[in-house]
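# structure for the following, please:
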Amino acid sequence: MKLTLRRDEDIRMTGKRHPYSSDFKIGLSKDGQILAYQVTFYQNAGAAADLSPAVLERSLFHTTNSYFVPNVKATALCCRTNLPPYTAFRGFGAPQAMFVFESAIFKAAEQMGIDPWSIQKQNLLREGDSFPYGMKLENSQARRCWAIIEVTVDCLRGTYQIDTVKVVHDVGKSLNPLIDRGQVEGGLVQGIGWMTIEELKYADNGQLLTDTLSTYKVPDIYFAPQTISVHFLENSDNPPGLFDSKAIGEPPFMYGIGAYFAIWQAMKAFRPDLPLKLSAPLTPEKLLLSFYTEAN
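Residues are numbered from 1 along each chain as shown. Presented below is the predicted three-dimensional model:
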């Protein structure tokens with residue numbers, strides 16, 4: 001027997017990326033050194049466990065992203081709900097945790113009146129640093145990589161365009177530069193979609209409202225950045241890896257988080273007093289309402 005689902009049936013029935021709600025506290029010195037971080041992840045697992053515990057475990061591994069934090073307390077809760085089970089997606093729990101930590105940095109920067117980049121730069125991992133679970137970092141290149149994202153926001157209509165993305169990606173020694181470049185570009189665009197336009201909406205009774213491609217927006221060629229520049233980090237061989245290579249499938253997805261905060265910075269340039277509301281995806285509707293709801 002062969003079962004072929006309609007598009008709306010497929011979207012309703014198949015597993016999706018886990019939504020998270022999170023609470024955090026972050027402590028820093030006056031000069032922006034991160035001293036402590038406390039976070040609780042509430043994972044919406046749906047009606048059955050499926051891969052939810054494993055995904056949540058991966059979130060804990062990536063609690064502090066690529067930064068060194070000497071004091072960390074991370075708690076993760078797998079929550080049963082009346083929705084279809086969620087499952088594994090590109091990143092496997094890491095993107096959710098990384099987004100929360102970057103949110104903490106941007107919130108701290110807002111309170112301290114400094115540029116988030118100054119906090120990010122001085123707290124990046126160094127060789128020999130330890131992760132919260134005890135593993136020591138080896139062959140660290142975090143301080144040699146950088147990602148620049150330029151966006152244009154129409155503050156009257158709430159629309160935006162990702163203009164330019166420049167990426168320096170550490171792939172070790174590339175096994176196939178053309179394929180690896182495609183992985184970076186594809187993961188980047190997919191991550192931007194996750195952070196900006198791909199929003200699942202449910203009715204109070206649990207019915208999925210965004211069950212077609214007209215209501216659930218996915219990135220296309222018109223949405224993709226106008227310019228994507230990918231440079232592979234040089235002199236970054238990785239002897240423990242296969243032929244000196246490093247992972248290329250999932251890490252580029254995280255670059256989408258940068259697009260989210262680039263849009264926020266553009267919004268703050270227009271309205272410096274705009275409170276930072278940390279909710280993803282940052283759809284054009286959310287953007288517009290954040291500007292004008294209070295005024296009305």
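
# OK, contacts around the nearest residue to Asp115 once chain neighbours are set aside?
Leaving aside its chain neighbours, Asp115 sits nearest to Ala109 (6.5 Å; criterion: Cβ to Cβ, 6 or more residues apart in numbering). Quick note: C-beta positions are derived from backbone N, CA and C, even for glycine. Ala109 is in contact with Asp115, Pro116, Ser118, Ile119, counting by Cβ atoms under 8 Å, 6 or more residues apart in numbering.

# one more: Lys16?
So Lys16 contacts Pro84, Tyr86, Thr87, Phe89, Leu200 (Cβ under 8 Å, 6+ apart).

# can you point out the buried residues in the helix or strand containing the residue nearest to Asp115?
Assigned by DSSP states H and E, Ala109 belongs to helix 94-112. For helix 94-112, burial by neighbour count (16 or more other Cβ atoms under 10 Å) applies to 94-106, 108-109.

# ok, the closest residue to Glu110 other than its chain neighbours - contacts?
Using Cβ to Cβ, 6+ apart and skipping residues adjacent in sequence, the residue nearest Glu110 is Leu276, 5.3 Å away. Residues near Leu276 by Cβ under 8 Å, 6+ apart: Phe106, Lys107, Glu110, Trp264, Lys268.

# now do 7 Å
Phe106, Lys107, Glu110, Trp264 (Cβ atoms under 7 Å, 6 or more residues apart in numbering).

# just to revisit the earlier point, quick one: which of the contacts of Ala109 is most hemmed in?
Counting neighbours by other Cβ atoms under 10 Å, Ile119 leads the contacts of Ala109 with 22 neighbours.

# so that one, which of the three states?
helix (DSSP: H, G, I helix; E, B strand; the rest coil).

# was I right about it contacting Lys30?
No - the criterion here is Cβ atoms under 7 Å, and Ile119 misses it with Lys30 at 11.9 Å.

# hang on, the earlier thing: please report how far the residue nearest to Glu110 lies from Ala108.
10 Å (Cβ to Cβ, to the nearest Å).

# residue ranges of the strands in the stretch 101-250 of the chain, please?
In the stretch 101-250 of the chain, the segments counted as strands under DSSP state E, counting those that start in this stretch are 147-154, 159-169, 227-232.

# contacts for the first one?
Outside strand 147-154, the residues within contact range by Cβ under 7 Å, 6+ apart are 160-167, 255, 258-259, 262-263, 266-267.

# so what's Ala54 up against?
Counted by Cβ under 7 Å, 6+ apart, Ala54 has zero contacts.

# after the longest strand along the chain, next one along is what?
The residue-count maximum for a strand in the chain (DSSP state E) belongs to strand 34-46. Counting by DSSP H and E, the next helix or strand C-terminal to strand 34-46 is helix 52-61.

# what comes up buried for that following helix?
Ser52, Val55, Leu56, Arg58, Ser59, Leu60, Phe61.

# returning to what we had before: now do the helix holding Ala109, average pLDDT.
When pLDDT is averaged along helix 94-112, the result is 97.

# let me know the angle separating it from helix 52-61.
Angle, helix 94-112 to helix 52-61, by axes from the mean of the first three to the mean of the last three Cα atoms, to 10 degrees: 40 degrees.

# now the angle from helix 94-112 to strand 34-46?
Going by the same axes, to 10 degrees, helix 94-112 makes 140 degrees with strand 34-46.

# chain center to helix 94-112, what's the gap?
10 Å (Cα atoms, centre = their mean, to the nearest Å).

# same deal with stretch 63-81?
14 Å.

# contacting residues around that stretch?
So stretch 63-81 is in contact with 34-47, 52-53, 56, 59-60, 97-98, 101-102, 123-126, 129, 132, 142, going by Cβ under 7 Å, 6+ apart.

# what about that stretch, start to end distance?
24 Å (Cα to Cα, to the nearest Å).

# now do stretch 264-277
End-to-end for stretch 264-277, by Cα to Cα: 9 Å.

# ditto for stretch 222-236
34 Å.

# could you pull out the buried residues of it?
Neighbour count says stretch 222-236 has Ala224, Pro225, Ile228, Val230, Phe232, Leu233, Ser236 buried, by 16+ other Cβ under 10 Å.
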